[in-house]
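*Asks:* What follows is a predicted protein model with its sequence.
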Amino acid sequence: MTGFREIADADVESVVALWQACGLTRAWNDPYKDIAFARESATSTVLVQEHHGRIAASVMAGHDGHRGMLYYVAVDPALQRQGHGKAAVRAAEEWLGQRGVWKVNLLVRAENAAVKGFYEALGYEVNPVLCMARKI
């Protein structure tokens, strides 16, 4: 298992395919736009891990100057349950920590409740807050 690095132009198609294979994309969120937006700023990134020359895992990380956020934590379905997901989360936490971020949030879609135990095993817990959003 290799370490994580910042996404390169040549990785974009493979990363989008990975997100699709993991069921992370939605019709209302253009993954190409999400990747481009994350890469435009010093406060966000997409990290990738290669395994045998292929993109095996990814995570998008960003912060607002106060709290960090994780998005698109994805592992090739054929490689799940081998430590790649944990490595992705830890790589993103390290990236955020190097930028002075001390708290990380993540969102899990309600229909993806099966992943809750994975995040709990990594020390994440449900916060008693209501998340509200508005598209502008």
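*Replies:* Now that the structure is in, tell me what you want to look at. Residues are numbered from 1 along each chain as shown.
*Asks:* Need the contact partners of stretch 8-16.
*Replies:* If you take Cβ atoms under 8 Å, 6 or more residues apart in numbering as the criterion, stretch 8-16 is touched by Ile7, Thr25, Pro31, Tyr32, Ile35, Val46, Val48, Arg54, Ile55, Ser58. From N, CA and C alone the C-beta is placed, and that goes for glycine too.
*Asks:* can you do 6 Å?
*Replies:* Identification of contacts with stretch 8-16 by Cβ atoms under 6 Å, 6 or more residues apart in numbering yields Pro31, Ile35, Val48, Ile55, Ser58.
*Asks:* what's the neighbour count on the third one?
*Replies:* In other words, Val48. Neighbours of Val48 under the rule other Cβ atoms under 10 Å: 23.
*Asks:* Quick one: mean pLDDT for the helix or strand that contains it?
*Replies:* Taking DSSP states H and E as the criterion, Val48 maps to strand 44-51. Strand 44-51 shows a mean pLDDT of 97.
*Asks:* Run me through the strand neighbours of that strand, direction for each.
*Replies:* Strand pairing for strand 44-51, using DSSP bridges, gives strand 4-6 (antiparallel), strand 54-63 (antiparallel).
*Asks:* Out of the contacts of stretch 8-16, give me the one that has the most neighbours.
*Replies:* Ser58 (30 neighbours).
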